[in-house]
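Q: Generate coordinates for the sequence data below:
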Amino acid sequence: MLSDCGYDHTARKTKTRRCPVEFTGCLAHIEVRFAKRSGRVYTVRDYSEHNDTCKKAFLLRIPPIPLSPEVFTVALKQLTLGAQLADIQATNRKMFQHGEYPGQPKDLSTSPYRWLLQKTDSRSLYRQFNRLRGINTAIPAHHNVHGWLDPTSCSYNTVFANAVFHYHARSTKDEWFEVCISTPKMREAAWQYGHGSQIILDGTFGLCDRKLLLFIVMGVDEKKRGVPLAFLLFSAPSGNKQTSSGYDTAILTRLLTEWRNALGIRNGTPFAPIVAITDTDLKERAALLVVLPMLWLLLCKFHLRQSWRNNRSRVLKGSTTHHNDVRTRLRQLERDLIATQTHGEARSLVEQATSALKSMASENPSCADAVKGGVAHVDYLERYWLAEDLWKSWSGFGRTTAAKLLGCSIDGVLPTTNHLESFNGVLKHKHI
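A: Residues are numbered from 1 along each chain as shown. Here you go, the predicted structure:
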């Protein structure tokens, strides 16, 4: 404990001083060392001489009034149940208005505590919550993780260690921090819902204020609900400015290989999904094929159409009747392409669309600008998306083949990664 006059708020990079007295450089303090688990005190040391300025100090501002411990108790219970901060604040206002907190007096002027949560209380609240879960927020997060996984550490966590199937500490700048999680229940779910079936792979970014990337493997149960099978968490390389681009096929291949190996072999059969669906990220697709070469890969229809729409908007700018006519033609072409069952049929549609657009320009020169944008978009579809291996993953042929491999109707084949996208939203905005 430190004298109030000895606390320098600028050392913690805080602009506003909330301490009721000014900083005078007073060295008076008391230091107590004790064992966290047993509470046993080892040493007590103090320096009790206050400097003269400290002895003459006056209150310059009203001391902050602490929040009632009863408010913290209720809020911590809500956090344990997964409540969001907005829900906690609403409950706090309701209980305060009805005087439902134990020990809350009717005359608040007699209370030494505040009973309403303020924005500044959230930091203390989450610190207490993390402490209850065994997380020491005073040290870097990766040190906590290392302690939970080190059998020789007093922080070793058996439950967490059993859920982690791969861990690599980052000891130098050119290394990745890697921790991959799959609880025993998730591993059972992988065999039940992923083996011989379909899986989803997608990455999520902006997980926290550090440069971390999280890729999630998900299956779908018999009620069409998404079931997470594995979490692949790793850091972006040092110097990387954009976290979302801080990965490559190699690291995804390495982590997916660790996951496959962790699942092992059952009844002489290695873990082997039949179909996987991803967004338009080619790095994810390449890694999946290296680790599970027999997979039939599909592309998410939503991300496919989003890519096409973004390019169409970029090359076709204008709001004239001609521009709108070309847009309508291109949208119809895209719908027809998605339904194709043969690669020849897809190429024929593109050739017909190009011919029709050029005929428009020759018949009516005033629509040349719109036609130029339309032809550029059709050329984009042909050059990139009509490569045969890629066409198989987003066309009607791909979904028909997937249905045959899975032994189900086409309706049973996942068209999008929406299960995982929804899970990502809940994970980031509610649980983290």
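
Q: okay, now the closest residue in space to Ala190 that isn't next to it in sequence: neighbour count?
A: Leaving out its chain neighbours, the residue that sits closest to Ala190 by Cβ to Cβ, 6 or more residues apart in numbering is Leu229, at 4.4 Å. From N, CA and C alone the C-beta is placed, and that goes for glycine too. Using other Cβ atoms under 10 Å, Leu229 has 25 other residues around it.

Q: How about the contacts made by Leu229?
A: The neighbours of Leu229, taking Cβ atoms under 8 Å, 6 or more residues apart in numbering as the test, are 182, 186-187, 189-190, 193-194, 199, 217-219.

Q: Correct me if wrong, but it is in a strand.
A: Yes - with DSSP: H, G, I helix; E, B strand; the rest coil as the criterion, Leu229 is part of a strand.

Q: Roughly how far does it sit from Arg347?
A: Distance, Leu229 to Arg347, using Cβ to Cβ, to the nearest Å: 37 Å.

Q: Same check on Lys13?
A: With Cβ to Cβ as the criterion, Lys13 and Arg347 are 61 Å apart.

Q: Which one's more surrounded, those two?
A: Shown here are Lys13 and Arg347; by other Cβ under 10 Å, Arg347 has more neighbours (16 against 6).

Q: Just list the residues touching that one, thanks.
A: Each residue near Arg347 by Cβ under 8 Å, 6+ apart is listed here: 382, 386.

Q: helix or strand for it, which one?
A: helix 343-363 (DSSP states H and E).

Q: quick one: buried residues of that helix?
A: The neighbour-count check on helix 343-363 (16 or more other Cβ atoms under 10 Å) flags 343, 346-347, 349-350, 353-354, 357, 360-361 as buried.

Q: Phi, psi for Pro415 please.
A: Note on Pro415: backbone dihedrals following degrees, to the nearest 10 are phi -90, psi -20.

Q: Would you format the buried residues of helix 343-363 as TSV with pLDDT and distance to Leu414 included?
A: Below are the buried residues of helix 343-363 laid out as TSV (pLDDT from 0 to 100; distance: Cβ to Cβ, whole Å):
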residue	pLDDT	distance to Leu414
His343	95	23
Ala346	95	22
Arg347	95	27
Leu349	95	25
Val350	95	27
Ala353	93	29
Thr354	92	32
Leu357	91	34
Met360	86	38
Ala361	82	41
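
Q: Identify the farthest-apart pair in these.
A: Greatest spatial distance among the buried residues of helix 343-363 (Cβ to Cβ): His343 and Ala361, at 28.0 Å.

Q: For the residue of the chain positioned farthest from its centre, give its distance to His29.
A: Centroid-distance maximum for the chain: Asp52 at 53.3 Å, with Cα atoms, centre = their mean. For Asp52, the distance to His29 equals 17 Å [Cβ to Cβ].

Q: and stretch 77-85, how far apart are its ends?
A: The first residue of stretch 77-85 is 12 Å away from its last residue (Cα to Cα, to the nearest Å).

Q: Buried residues in it, which are they?
A: Buried residues in stretch 77-85, counting neighbours by 16+ other Cβ under 10 Å, are found at 78-79, 83.

Q: repeat for stretch 160-167
A: Using 16+ other Cβ under 10 Å as the test for burial, stretch 160-167 gives 160, 163-167.

Q: Check the average confidence over it, would you?
A: Stretch 160-167 comes out with an average pLDDT of 93.

Q: what's in contact with that stretch?
A: For stretch 160-167, the external contacting residues (Cβ under 8 Å, 6+ apart) are 145, 148-149, 151, 178-184, 186, 230, 255, 258-259, 262.

Q: want to try a markdown table for the buried residues of stretch 77-85, with secondary structure and distance to Pro365 as columns?
A: Formatted as a markdown table, those follow (DSSP: H, G, I helix; E, B strand; the rest coil; distance: Cβ to Cβ, whole Å):
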| residue | secondary structure | distance to Pro365 |
| --- | --- | --- |
| Gln78 | helix | 68 |
| Leu79 | helix | 67 |
| Ala83 | coil | 64 |
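
Q: Please enumerate the helices of the stretch 201-350 of the chain.
A: Using DSSP state H, counting those that start in this stretch, the helices of the stretch 201-350 of the chain run over 249-263, 282-291, 301-315, 321-339, 343-363.

Q: For the fourth one, name the packing helices and strands.
A: On a contact count with 3 or more Cβ pairs under 8 Å, 6 or more residues apart in numbering; DSSP states H and E, helix 321-339 meets helix 301-315, helix 343-363, helix 368-380.

Q: Dump it to CSV, restricted to CA.
A: C-alpha atoms of helix 321-339 as CSV (Å, rounded to 0.1, in the frame of the first residue of the first chain):
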residue,chain,number,x,y,z
THR,A,321,-31.2,3.2,-68.1
HIS,A,322,-28.4,1.4,-70.1
HIS,A,323,-26.4,0.8,-66.9
ASN,A,324,-29.4,-0.7,-65.1
ASP,A,325,-30.1,-2.9,-68.1
VAL,A,326,-26.6,-4.2,-68.1
ARG,A,327,-26.8,-4.8,-64.4
THR,A,328,-30.0,-6.9,-64.8
ARG,A,329,-28.3,-9.0,-67.5
LEU,A,330,-25.3,-9.6,-65.3
ARG,A,331,-27.4,-10.6,-62.3
GLN,A,332,-29.3,-13.1,-64.5
LEU,A,333,-26.0,-14.5,-65.8
GLU,A,334,-24.7,-15.0,-62.3
ARG,A,335,-27.8,-16.9,-61.3
ASP,A,336,-27.6,-19.1,-64.4
LEU,A,337,-23.9,-19.8,-63.8
ILE,A,338,-24.6,-20.9,-60.2
ALA,A,339,-27.1,-23.4,-61.5
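
Q: Kindly calculate the angle that that helix makes with helix 368-380.
A: Going by axes from the mean of the first three to the mean of the last three Cα atoms, to 10 degrees, helix 321-339 is angled at 20 degrees with respect to helix 368-380.

Q: Could you list the residues in contact with the helix or strand containing Thr53?
A: Per DSSP H and E: Thr53 is located in helix 52-55. Residues external to helix 52-55 that are found in contact with it (Cβ under 8 Å, 6+ apart): 3, 5-6, 21, 24-26, 28.

Q: can you give me how far that helix is from the chain middle?
A: Relative to its parent chain, helix 52-55 has a centroid offset of 51 Å by Cα atoms, centre = their mean, to the nearest Å.

Q: for stretch 139-153, same thing?
A: Using Cα atoms, centre = their mean, the mean C-alpha position of stretch 139-153 is found 22 Å from that of the whole chain.

Q: same thing with stretch 309-323?
A: How far stretch 309-323 lies from its chain's middle: 33 Å, per Cα atoms, centre = their mean.

Q: I'd like the buried residues of helix 343-363 as TSV, with distance to Ser109 appended.
A: Listed next are the buried residues of helix 343-363 as TSV, based on distance: Cβ to Cβ, whole Å:
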residue	distance to Ser109
His343	80
Ala346	77
Arg347	82
Leu349	78
Val350	78
Ala353	78
Thr354	81
Leu357	79
Met360	80
Ala361	82
